[in-house]
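Engineer: below is the sequence, then the predicted model.
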Amino acid sequence: MSALPYLKFAGPVLDEATIAGVAEVLRSGQLTSGPWVKKFEESLTAFCDGRPVRALTSATAAIEVALQLAGIGPGDEVITPAQSFFTVLNMIVKVGARPVFVDCGLVTRNLNLAEVERAITPRTKAIVPTHWPGSLVEMDALYALARRHRLRVIEDAALVMGSRWKGRRIGAFGDLVTFSFHPNKNLTTVEGGALVVNDDTEARRVEALRFHGITYLPDRTRDVDFPGGKFNLADVFARIGCAQLERLPAFLATRRALVDRYFERFATDPPCVLPPRPQGDDGQSWNMFSVLLPLPRLAITRRQFRDALESRGIGTGVSYEALHLSTLGRSFGYSEGRFPNTERIARETVTLPLHAGMTADDVDRVSATVADVLAAARR
Ligand SMILES: Cc1ncc(COP(=O)(O)O)c(C=O)c1O
């Protein structure tokens, strides 16, 4: 075992003031959705240049509610990248629609828009792109395509809270946008998520979709006319979110400095495929630092590589498996060989430690350890 402290691959930074703030909420007796959720939503709305934002219990809930808001259900097709988290596939199937996958770029990992255009049929209702840290989906081309084919867009922005496209924040423009506040994301509420919508009518619909489908009648009784879910965020979590949102610029600056350091120090032989290199003030945020291992040139498997790092006190992750090759994905007729970049990423990717609680020394330690392990495993 390493003498150095264990380095997790992701995690939140929570300060004492936030912890004390949570204790106050707990003592207040107002635990579930109340004034802190309202304040959090107002702050998120300001963050998204005034577009209405509603807080939910997760990004998974936000994607499900967004699909329902867009009226997507049985008989509809939704186009989405095969290289993403299971959530997107699951929620498309859960609302009764058919997932239609496309491949992604090997380095940017963002979905291939030319393939999206070819995949459109009369049944296509929406595109759900996942933005990747370090590079966003080409927004101008995405929305031009969506307009041309009259499709809804649900941006999965779980990994890119705080990124900017041509100076404008993700969430501040576009159609429906979802964020995650899981502890591994750029800001956390423990579990939580948010959905950015276009207007107050959509926001009111989200309020019903996230809370049993309830509408309030003039006599202060309630009605439901569809089976809504139960996805409202609680004040305890929103209190954490308010504190985290204030610190987001500092978290992002730390993450960016750590990524710059990775690019300075990360040199392996055989070489790994690295994410897109940061360019000056490029507006990108960095939730993850994922590399592709040169597996064909190594005498070890990815599992053995990860175990070697783990035994030296360094945690790693896999982001992500190929959705079309999951058992659920295959049930829609997909098999190996369909999406070469997605499949190569799924085989070779490793997510290395990156979070706002790390130091430059931590990056140096990871970079040196990866270089050692790969050099020893060279064929
Ligand atoms: C790309 C992506 N989208 C969506 C999600 C779902 O987020 P949540 O855990 O808040 O439901 C995740 C979670 O890791 C993710 O990585």
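Structural biologist: Cool, got the structure.
Engineer: for the nearest residue to Trp132 once chain neighbours are set aside, give me its contacts.
Structural biologist: Spatial nearest neighbour of Trp132, chain neighbours left out: Arg109 (4.3 Å); criterion: CB to CB, 6 or more residues apart in numbering. Where C-beta positions appear, they are placed from N, C-alpha and C, glycine not excepted. Contacts for Arg109 (CB atoms under 8 Å, 6 or more residues apart in numbering) come out as 83, 132, 135, 275, 290, 345.
Engineer: which SS state does Arg109 fall under?
Structural biologist: Following DSSP: H, G, I helix; E, B strand; the rest coil, Arg109 is assigned to coil.
Engineer: strand partners of the helix or strand of the chain at the bottom of the mean pLDDT ranking, parallel vs antiparallel please.
Structural biologist: Within the chain, no helix or strand scores below strand 214-216, which has a mean of 94 by mean pLDDT, DSSP states H and E. If you go by DSSP bridges, strand 214-216 pairs up with strand 222-224 (antiparallel).
Engineer: show me which residues of the partner strand are buried.
Structural biologist: Using 16 or more other CB atoms under 10 Å as the test for burial, strand 222-224 gives no buried residues.
Engineer: what does that strand contact?
Structural biologist: 212-217.
Engineer: if we go to 10 Å?
Structural biologist: Identification of contacts with strand 222-224 by CB atoms under 10 Å, 6 or more residues apart in numbering yields 208, 211-217.
Engineer: show me which of these are buried.
Structural biologist: The neighbour count (16+ other CB under 10 Å) marks 208, 211-213 as buried among those.
Engineer: of all those, which comes closest to Ala375?
Structural biologist: Phe211 (55.6 Å; CB to CB).
Engineer: how close does that closest one sit to Gly329?
Structural biologist: In this view, Phe211 and Gly329 are 31 Å apart by CB to CB, to the nearest Å.
Engineer: ditto for Arg344
Structural biologist: From Arg344 across to Gly329, the span is 17 Å (CB to CB).
Engineer: more neighbours, the two?
Structural biologist: When Arg344 and Gly329 are compared for neighbours, Gly329 comes out ahead with 21 against 16, by other CB atoms under 10 Å.
Engineer: mind checking the SS state of the more buried one?
Structural biologist: helix.
Engineer: what's the spacing between the strand or helix carrying Ala243 and its chain's center?
Structural biologist: Assigned by DSSP states H and E, Ala243 belongs to helix 235-265. Relative to its chain's centre, helix 235-265 lies at 14 Å (CA atoms, centre = their mean, to the nearest Å).
Engineer: who's in contact with whichever helix or strand comes after that helix?
Structural biologist: As assigned by DSSP H and E, the chain's next helix or strand after helix 235-265 is strand 289-292. For strand 289-292, the surrounding residues in contact (CB under 10 Å, 6+ apart) are 9, 106-107, 109, 132-134, 255, 258-259, 262-263, 266, 268, 271-275, 316-320, 344-345, 347-355, 363, 366, 370.
Engineer: buried among these? Make that a PyMOL selection.
Structural biologist: To isolate the buried ones among the contacts of strand 289-292 in PyMOL, judged by 16+ other CB under 10 Å, type:
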select buried, resi 9+107+109+132+133+134+255+258+259+262+266+268+272+274+275+316+317+318+319+320+344+345+348+349+350+351+352+353+354+355+363+366+370
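Engineer: can you name the residues bridging to Leu298?
Structural biologist: Beta-bridge partners, per DSSP bridges, of Leu298: Arg378.
Engineer: that one reaches Val370, doesn't it?
Structural biologist: No. Using CB atoms under 10 Å, Leu298 is not in contact with Val370; the gap is 11.9 Å.
Engineer: so who does the residue nearest to Val236 when sequence neighbours are not counted touch?
Structural biologist: Using CB to CB, 6+ apart and skipping the chain neighbours, the partner closest in space to Val236 is Val25 (5.2 Å). By CB under 10 Å, 6+ apart, the contact list for Val25 reads 31, 34-36, 234-240.
Engineer: what distance do you get for Val25 to the ligand?
Structural biologist: Distance of Val25 to the ligand, given as CB to the nearest ligand atom, to the nearest Å: 21 Å.
Engineer: give me the element that residue is part of.
Structural biologist: Following DSSP H and E, one finds Val25 within helix 16-28.
Engineer: and for Glu202?
Structural biologist: Using DSSP H and E, Glu202 falls in helix 200-209.
Engineer: now do Leu145
Structural biologist: Applying DSSP H and E, one finds Leu145 within helix 139-148.
Engineer: buried by neighbour count: which residues of that helix qualify?
Structural biologist: Applying a neighbour-count criterion of 16+ other CB under 10 Å, one finds 139, 142-143, 145-146 buried in helix 139-148.
Engineer: which parts of the helix holding Val25 are buried?
Structural biologist: 18, 21-22, 25.
Engineer: which neighbours do Leu298 and Val370 share?
Structural biologist: Listed as contacting both Leu298 and Val370 by CB under 10 Å, 6+ apart are Phe305.
Engineer: if I read this right, Ala158 contacts Leu187, doesn't it?
Structural biologist: No. If you go by CB under 10 Å, Ala158 and Leu187 don't touch, sitting 11.4 Å apart.
Engineer: overlap in contacts of the two?
Structural biologist: Between them, Ala158 and Leu187 share the contacting residues 179-181, judged by CB under 10 Å, 6+ apart.
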